[in-house]
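**Q** below are the sequence and a predicted model for it; my questions follow.
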There are 2 protein chains.
Amino acid sequence: MTVSYQAPLRDMRFVIEEWLDAPRDWQRVDAWATLDAGTVEHVLGEAARFVSEQLAPLDGPGDLEGCRFVDGQVSTPRGFRETYRAFVEGGWPTLALAEDAGGQGLPQLLDAALQEMLAAANHAWLMSPGLTHGATACLYAHGSDALKRDYLPKIASGEWLTTMCLTEPQAGSDLGLIRTRAEVDTEADADSGGYRITGSKIFITGGEHDLTDNIVHLVLARLPDAPAGTRGLSLFLVPKWIARGGVCGHEGDRERNGVHCDGIEKKMGLKASPTCAMRFEHARGWLIGEPHRGLASMFVMMNAARLQVAMQGVGHAQFAWQRASAYATERLQMRAVSAPPGTHAPAPIAAHPAMRRILMDIRTTVEGARAIGYWIAHGLDIAAHDPDPDARARAEQMAALLTPVAKAFFTAHGFACASNALQVFGGYGYIHEYGIEQTVRDSRVSMLYEGTNEIQAIDLLVRKVIGDGGERLRMLLDTLVAEADRCTAGHDSTERGPSAAYADALVAKAHVLRSMCMHVDVLSTALARDSVADAELPYRVADDYLAMLGWLLLTFAWLRTARVAHREPAHEACARDAFYAGKRAAAAYFFDYRVAEFEHRRRLVEAGLRADLPCDAALSGASDVM
Amino acid sequence: MTVSYQAPLRDMRFVIEEWLDAPRDWQRVDAWATLDAGTVEHVLGEAARFVSEQLAPLDGPGDLEGCRFVDGQVSTPRGFRETYRAFVEGGWPTLALAEDAGGQGLPQLLDAALQEMLAAANHAWLMSPGLTHGATACLYAHGSDALKRDYLPKIASGEWLTTMCLTEPQAGSDLGLIRTRAEVDTEADADSGGYRITGSKIFITGGEHDLTDNIVHLVLARLPDAPAGTRGLSLFLVPKWIARGGVCGHEGDRERNGVHCDGIEKKMGLKASPTCAMRFEHARGWLIGEPHRGLASMFVMMNAARLQVAMQGVGHAQFAWQRASAYATERLQMRAVSAPPGTHAPAPIAAHPAMRRILMDIRTTVEGARAIGYWIAHGLDIAAHDPDPDARARAEQMAALLTPVAKAFFTAHGFACASNALQVFGGYGYIHEYGIEQTVRDSRVSMLYEGTNEIQAIDLLVRKVIGDGGERLRMLLDTLVAEADRCTAGHDSTERGPSAAYADALVAKAHVLRSMCMHVDVLSTALARDSVADAELPYRVADDYLAMLGWLLLTFAWLRTARVAHREPAHEACARDAFYAGKRAAAAYFFDYRVAEFEHRRRLVEAGLRADLPCDAALSGASDVM
């Protein structure tokens, strides 16, 4: 029994239209004044049709077929090329791109929903176009006019795909160790600004493939006079084929650049996505942005990518839920413990409480995470477009704070939900045919790339919380507490407040985090390098601190969901609407069973504040074989 | 960088000789009076040599090569057949088999260590011989004299491999739904007791392969007059080849039985182990045990298998630790946060606190679980051999209580530790070459087979705890509290007590569980079918209840470890022994960071005692696509 992914349009629209009330904010933006719920319905409906009809059917077969590497060429699985062409022709890559850059200028919020669908339906396929947004943003912000003229339109439209060439064998999380070098191209015209790039890169997604006619690599490398470390990295555009008539291009046949794929990796998942080892041999490249400021240019890509990766976690959790709940409804095993005496007929396994616990855990995770993920995406829209400069600034600060939380927390739960969903299938879960084991394998990568989840936690605590003395965190807590106040006060007469206990639970958590802000001083001291303080302190609590914040955000998501779902129904039909009843039941489950997770992470943070870590014991003892 | 598995002999001997002091108990058994630490060293040393030299090198290649299925025949990966022959010739299958059954009669405890090594070194390879113990025990207990004569010696020695044929497409956890039928073989001699078996079975490990000349299937099927449900199942021995001169055997060429393999499954992991769809077509079989009592006979196999599966979890966690700690020592990325100002050189990633948290979590899990797993195995030895009948009875009760906990808790953590270890590798963790992703995939199955972990939890709470009114649980708690008393009293003058706080932590947990025994009445009422009580109550808390008990057991393991490791060293050299220092540091980490896990599970159990579960909401809402 295989379940095919169906986009959860009802819940997506609930979040966008009711939970966020995004159309109201859109009215404040001139260009979006015509957008409304009808727009949401149309765009998401078309996206859902594309992913369910074209992408989802290739997911399982693509995993089995994988990519082939022969003589430097990479073939993607059957159907991938055609589907990619349809994706480009449908205009999906430019959905949220500014109109003056050739895009459709729609909100990022709708693109976040699209990204969630793409990841759920076929994560491996998504990997290739996954960098289009970031590369477009990077080139738009930092590229020369010539590069923008020759490359930007084809990159933005998806006609050419891009890569991000950072990692080298010795340089993973630590990009300062990059060795690839760039030298001024003495053979080129003096005014072309050309360079020659030489070095090896690994783990390059889509470094080589058969989806597009050209592949444009964005490569971090060192100029001859570069300082050591990350402040000596420059960013270069290095195309596989040098554009005809383009920058330094030839008028005649287009020129094959010195960029070679030496092989593809055997991976745990994403088997239909080629992960390439790349070799740049005296390859022609052009500088993007300032010399030695490559990392700053690259971070434009990485930040955009982090929210996309967060939405992958939501997509995986969603698909895991669909697979498991469908199986739990159809599979009959054992009598229900709640069945009347004398019942012998086997019940759907959803009747067994252990299975419902798993399903409700997944459901409350995925729906809560969706609300928060869309909230962040909507915040990016406000940050970019709101007429009020204060609102823009606040939204930008919030997005900076929340992005690492979403990336790490959602992807960890995308994988955990997939593994928990697998358990619902019993032995069938281990079999490829049922699909869920692929979700487990594919979802695992999102915890690793675009900065491991541990790197996200350091970014959150050290840079985003301690870095501004807790200012952004307090701004967030104020927002959340305002929601709680709204629930307890019930000042909106069209709303029935949910149990005040829900709001109290959120306020109590916010209070814990607020009082932890007082720890910021302690943590800051620990970070001062010339002090004798416990320098490891923030680093050993960062992961649990991020998880605390993640659970706080889910608490907020379910509190507001409960408020919206408890609204006085407009008419009788609504009152019987199973959707809202389901939301209310799920909120009750969240506040009954899942609020303990925050408390657990708090205890772990407190343990880290009290106790330091052994150094040697971590690396001896258990592996002693003598 | 690939790490090859090395058996953790130092820790294994620590648990057997110091933590358990098993040789002292062996003295009470006549047949084992000559066993001592030298025996342990010799047996485990030879086992370690076999697994590291012969099995471990086939693990990664076997995963890539997989099994091949052609025309009903299955080929295992290169080297598997030769290694299996060496395993049989080395006498490893009969290590703990009674001498009068042709075995070596050594303690189960040593076999538990062997099983841990085999699973860690090559889980897929282990799958084929994994049922030898259980099949031997089953046939020994329930087989007719003729079956014992013709099959037992070859099964026990490993010359022929066995399968356990339970699952059918519609009958997984619910064996009552089995349809395979057995009829008296009217063509056979009247006194042969033969039957004809017809039906389909799935998920049959080693249903067909090229490792041995014959394969003996133990098949659950229904006789014509069988009652419905599990009380109508009978167990049959159905060989692939009918033994020459054996039961109903032919004098001439041996006879191929009507047993056919229709295919092998594509799985998440264990790719080198064939999981077969089997078809029995009028196949000749012989009854094992009484008609309709097949499940009881089969449970002899399943109980033996559950502790083996628990040890797989320990093996996976151990190997995950070895892989991750080796990588963390060698891989240099970023300066250490604790490095002096001005340091720029990248440090081993073990210097980064987030990595040490992961490593210490794994270490404290695997070493604690090993102690408990060996404790259970040692208990089985006492239950079988102690001269004191009371000691035997007590040990048997404890093993019955602890086996489901070990199976579910250790396998869940085997997988979790593997996934956490993968995180230490960053992007490399996702690449097959580094090995850890295979550990993640292979370890996942242990949570599913031999009864899913959710089934174990029901077995624990409903049958083992509520089933005897909490008697066994109280026996366990008394044992644990006695250990705590020993630590706080420090009455053994050769020992320095560890921090009394460790002991207090354990006593507090035991107290919580003891007071929860009072809930047993509530739970029992819930189980009474004619009551109007909340029948789901025990079932919705069972998983967290099992986890509570699991954490309590790890607390006990680390408490005793701390006591042993704090002993006055016999001479100066010991005082500097890094092994004991590592144990003390790991115990401190456990009591600093990990005791919160028990508390967390307690809160979840309490949530389940308070709040019931939604029925419909689990299955609607999130998947609504309209």
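**A** Yep, that arrived.
**Q** next to chain B, which bits of the stretch 51-200 of chain A? Give me the list.
**A** Within the stretch 51-200 of chain A, the positions near chain B by Cβ under 8 Å from any Cβ of the partner chain are A:64, A:167, A:170-174, A:176-177. In short, each C-beta sits where N, CA and C put it, glycine included.
**Q** now A:Asp36: closest residue in space that isn't a chain neighbour?
**A** A:Pro23 (5.2 Å; Cβ to Cβ, 6 or more residues apart in numbering or on different chains).
**Q** for A:Asp459, same thing?
**A** A:Pro404 (4.6 Å).
**Q** one more: A:Leu114?
**A** A:Ala47 (4.9 Å).
**Q** gap between the helix or strand encompassing that neighbour and the chain center?
**A** According to DSSP states H and E, A:Ala47 maps onto helix A:37-50. Put simply, helix A:37-50 sits 21 Å off its chain's centre (Cα atoms, centre = their mean, to the nearest Å).
**Q** tell me the buried residues in that helix?
**A** A:39-40, A:43-44, A:47-48, A:50 (16 or more other Cβ atoms under 10 Å in any protein chain shown).
**Q** helices or strands next to the helix or strand that it is followed by in the packing?
**A** As assigned by DSSP H and E, the chain's next helix or strand after helix A:37-50 is helix A:59-65. Using 3 or more Cβ pairs under 8 Å, 6 or more residues apart in numbering or on different chains; DSSP states H and E as the contact test, the elements touching helix A:59-65 are helix A:108-127, helix A:436-444.
**Q** low-confidence ranges, the stretch 1-150 of chain A, go.
**A** Low-confidence segments of the stretch 1-150 of chain A, defined by pLDDT under 70: A:1.
**Q** in chain A, where's the longest strand?
**A** strand A:275-288 (DSSP state E).
**Q** avg pLDDT for that one?
**A** Average pLDDT, strand A:275-288: 97.
**Q** got the buried residues for that strand?
**A** A:275-280, A:283-288.
**Q** wait, A:Asp534 touches A:Asp612, no?
**A** Yes: the criterion here is Cβ atoms under 8 Å, and A:Asp534 meets it with A:Asp612 at 6.4 Å.
**Q** enumerate every residue touching A:His316.
**A** If you count contacts by Cβ atoms under 8 Å, 6 or more residues apart in numbering or on different chains, A:His316 has them with A:119-120, A:123, A:414-415, A:417-418, A:439, A:442-443, A:446.
**Q** most neighbours out of those residues, which is it?
**A** Neighbour counts for these (other Cβ atoms under 10 Å in any protein chain shown) peak at A:Gly414, which has 35 neighbours.
**Q** so who does it touch?
**A** The contact partners of A:Gly414, by Cβ under 8 Å, 6+ apart, come to A:312-317, A:320, A:443, A:446.
**Q** go through those and name the one nearest chain B.
**A** Within the contacts of A:Gly414, distances to chain B taken as Cβ to the nearest Cβ reach their minimum at A:Ala317, with 9.3 Å.
**Q** quick one, domains of chain A?
**A** A:160-291, A:452-613 (automatic domain parsing).
**Q** worst-scoring helix or strand of chain A, pLDDT-wise?
**A** helix A:572-575 (a mean of 54; mean pLDDT, DSSP states H and E).
**Q** packing partners of the helix or strand following that one?
**A** For helix A:572-575, the following helix or strand on the C-terminal side (DSSP H and E) is helix A:578-589. Contacts defined by 3+ Cβ pairs under 8 Å, 6+ apart place helix A:578-589 against helix A:353-385, helix A:537-565.
**Q** do the last one and chain B meet at all?
**A** Right, the one you point to is helix A:537-565. Yes: under the criterion of Cβ under 8 Å from any Cβ, helix A:537-565 makes contact with chain B via A:539-540, A:542-543.
**Q** stretch A:436-446 now?
**A** Yes: counting by Cβ under 8 Å from any Cβ, contacts between stretch A:436-446 and chain B involve A:437, A:440-441, A:444-445.
**Q** save these as a markdown table, and put in neighbour count and pLDDT too.
**A** Shown next, in a markdown table, are those (neighbours: other Cβ atoms under 10 Å in any protein chain shown; pLDDT from 0 to 100):
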| residue | neighbour count | pLDDT |
| --- | --- | --- |
| A:Glu437 | 27 | 98 |
| A:Val440 | 28 | 98 |
| A:Arg441 | 26 | 98 |
| A:Arg444 | 27 | 98 |
| A:Val445 | 27 | 98 |
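**Q** restricting to C-alpha, output the longest strand of chain A in CSV.
**A** C-alpha atoms of strand A:275-288 as CSV (Å, rounded to 0.1, in the frame of the first residue of the first chain):
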residue,chain,number,x,y,z
THR,A,275,26.3,14.8,-5.1
CYS,A,276,29.4,15.5,-7.1
ALA,A,277,33.1,15.7,-6.5
MET,A,278,34.2,18.7,-8.7
ARG,A,279,37.6,19.6,-10.1
PHE,A,280,38.3,23.2,-11.3
GLU,A,281,41.3,23.2,-13.6
HIS,A,282,42.4,26.7,-14.6
ALA,A,283,38.7,27.3,-15.1
ARG,A,284,37.6,30.8,-16.1
GLY,A,285,35.6,32.6,-13.5
TRP,A,286,34.4,36.1,-12.7
LEU,A,287,34.4,37.8,-9.3
ILE,A,288,31.1,38.4,-7.6
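**Q** partners of that strand, with directions?
**A** strand A:194-205 (antiparallel), strand A:234-239 (antiparallel), strand A:259-264 (antiparallel) (DSSP bridges).
**Q** which strand or helix spans the residue nearest to A:Asp36?
**A** A:Pro23 belongs to helix A:22-26, assigned by DSSP H and E.
**Q** list the neighbours of that helix that are in contact with it.
**A** Contacts of helix A:22-26 (Cβ under 8 Å, 6+ apart): A:16-17, A:32-33, A:35-37, A:40, A:107, A:109, A:378, A:381-382, A:386.
**Q** buried ones among those?
**A** A:16-17, A:32, A:35, A:40, A:107, A:109, A:378, A:381-382, A:386.
**Q** doesn't A:Ala112 make contact with the residue nearest to A:Leu114?
**A** No: because the distance of 11.3 Å does not satisfy Cβ under 8 Å, A:Ala47 is recorded as not touching A:Ala112.
**Q** to B:Arg28, which of the helices and strands packed on helix A:578-589 lies closest?
**A** helix A:353-385 (41.2 Å; Cβ to Cβ).
**Q** how much space between the residue nearest to A:Asp36 and chain B?
**A** Separation of A:Pro23 from chain B (Cβ to the nearest Cβ, to the nearest Å) stands at 20 Å.
**Q** how far away from the center of its chain is stretch A:124-142?
**A** 13 Å.
**Q** show me what counts as buried in that stretch.
**A** A:124-140, A:142.
**Q** could you pick out the residues of the stretch 451-600 of chain A near chain B for me?
**A** Going by Cβ under 8 Å from any Cβ, the residues of the stretch 451-600 of chain A near chain B are A:452-454, A:457-458, A:529-530, A:535-536, A:539-540, A:542-543, A:578-579, A:581-583, A:585-586, A:588-589, A:592-593, A:596-597, A:599-600.
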